[in-house]
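K.L.:
Give the three-dimensional model of this entry:
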Amino acid sequence: MSNVEYQREYRKKNPGKAAEYQAKYRERDPEKVMKQKRDSYHRRRDVTLAKSRALREKVLDIYGHKCECCGEHRSEFLAFDHRNGDGAKMRKNGEHPRSGQPLYRWIERNNFPSEFRLLCHNCNLSLGFYGYCPHQVGVEE
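P.N.:
Got it, this is the predicted structure:
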């Protein structure tokens, strides 16, 4: 049994002792503990961001990687939209997460449902605020 496996087993069998030891360790040298937390955060941050961006790009590619209204293709400008406009109701009912990586994972796990489409943020906000997008009705200034 490796040291890591032994420690896991010990913590399972003795949760109170393990928690007590950890509390004492944090009290002895709080600056060292904070430095370890910061270092760990910065090490994991880059990996986590890379994984999140890769998943977003994968989901964007499946949905065509462009706005269905105006054709915008830059990832930074694209947003997921509910085709039938019931996104608020679905989020309120807890049918799927609100946004970000949890939403991308949900979409992937649910085999990329057709109820979603890609719109750029401008088209998406225009539909939300005004009920139409200027690209669709030919409204120009």
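
K.L.:
residue nearest the centroid of the protein?
P.N.:
Q101 (1.5 Å; CA atoms, centre = their mean).

K.L.:
so it is in which element?
P.N.:
Assigned by DSSP states H and E, Q101 falls within helix 100-109.

K.L.:
So in the chain, where's the weakest helix or strand by average pLDDT?
P.N.:
Ranked by mean pLDDT, DSSP states H and E, the helix or strand of the chain with the weakest confidence is helix 87-92, at a mean of 70.

K.L.:
Strands along the protein, start to end?
P.N.:
Secondary structure of the chain by DSSP state E: the strands cover 78-82, 116-120.

K.L.:
most tightly surrounded among those strands?
P.N.:
Most buried of these, by mean neighbour count (mean count of other CB atoms under 10 Å): strand 116-120, with a mean of 21. Where C-beta positions appear, they are placed from N, C-alpha and C, glycine not excepted.

K.L.:
Run through who's touching the helix holding Q101.
P.N.:
52, 55-56, 58-59, 80, 96-97, 113, 116 (CB atoms under 8 Å, 6 or more residues apart in numbering).

K.L.:
gap between that helix and the chain center?
P.N.:
Distance of helix 100-109 from its chain centroid, counting by CA atoms, centre = their mean, to the nearest Å, is 7 Å.
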